[in-house]
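Chemist: coordinates only, no sequence provided:
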């Protein structure tokens with residue numbers, strides 16, 4: 001399904017789940033353009049994420065997935081276009097204000113505090129949700145990430161790559177985000193840790209978390225994502241269900257094969 005063929009409900013900001021119930025749009029990115037210096041990287045990039053769903057942002061290395069994530073989070077300035085969170089335009093806001101509005105960003109390079117303990121890395125990120133409550137407490141994060149429990153007093157810099165990835169996700173959850181942006185969470189990890197990250201995302205989905213998952217690996221996303229956006233050279237070239245994408249051999253061959 002191309003973006004020109006989107007169902008009317010999606011175009012209007014309303015989607016339906018498998019039972020036919022309407023789901024509200026939480027995040028809507030409309031035709032954003034982003035550059036690094038004089039080099040344009042994103043060209044009219046668009047996507048929409050509905051409440052409680054997982055959207056996979058797929059593409060080869062260098063396609064523009066991380067740039068899209070950073071633009072949504074306010075880390076990179078947007079030249080034109082809109083980013084609406086819960087119906088509020090946030091594209092001109094500073095990144096800390098966008099975070100306060102409900103965007104949680106887990107960057108590809110993790111960016112933990114290496115000289116702080118696991119527990120301190122989590123405690124320092126405590127923030128109320130936009131509703132003013134704390135659905136994600138430190139106890140709940142440790143329950144969701146049992147790997148971190150025995151490591152509470154270990155310094156962040158002494159963790160393995162997979163443990164650091166878990167810690168970065170946990171730290172983001174402590175901010176009680178409305179939308180969780182996961183930028184290539186399985187990148188560079190051992191197979192056993194990739195499986196654990198996959199289970200974590202599945203658990204977060206079951207908990208009702210709204211997720212945007214940037215990945216190169218379609219197979220990793222098949223059991224996790226509801227819908228997918230394929231990006232190539234900074235443009236969205238496919239928008240549809242993850243099942244539709246898996247069955248579209250032309251799109252997979254043209255934009256996802258190595």
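Modeler: Great, that's in hand. It should be emphasised that the depicted structure is a prediction, and the values quoted were computed from it without experimental measurement. Numbering: from 1, shown residues only.
Chemist: residue 42 in helix, strand or coil?
Modeler: At residue 42, secondary structure determined by DSSP: H, G, I helix; E, B strand; the rest coil is strand.
Chemist: wait, it sits on residue 31?
Modeler: No. Using CB atoms under 8 Å, residue 42 makes no contact with residue 31, being 9.6 Å away. Using the backbone N, CA and C atoms, a C-beta is placed for each residue, glycine as well.
Chemist: higher neighbour count, those two?
Modeler: residue 42 (25 against 13; other CB atoms under 10 Å).
Chemist: can you tell me how far that one is from residue 197?
Modeler: To residue 197, residue 42 is 26 Å away according to CB to CB, to the nearest Å.
Chemist: now residue 112: closest residue in space, sequence neighbours ignored.
Modeler: Computed as CB to CB, 6 or more residues apart in numbering, the closest residue to residue 112 that is not its neighbour in sequence is residue 156, at 4.2 Å.
Chemist: so what's that neighbour up against?
Modeler: 112-118, 121, 164, 167 (CB atoms under 8 Å, 6 or more residues apart in numbering).
Chemist: ditto for residue 205
Modeler: 52, 54, 211, 224.
Chemist: closest to residue 180 among those residues?
Modeler: Nearest to residue 180 among the contacts of residue 205 is residue 211, at 4.9 Å by CB to CB.
Chemist: so what pairs up with the closest one in the strands?
Modeler: Beta-bridge partners for residue 211, by DSSP bridges, are residue 54, residue 180.
Chemist: just residue 40 next, same as before
Modeler: Under the criterion used (DSSP bridges), residue 40 bridges to residue 35.
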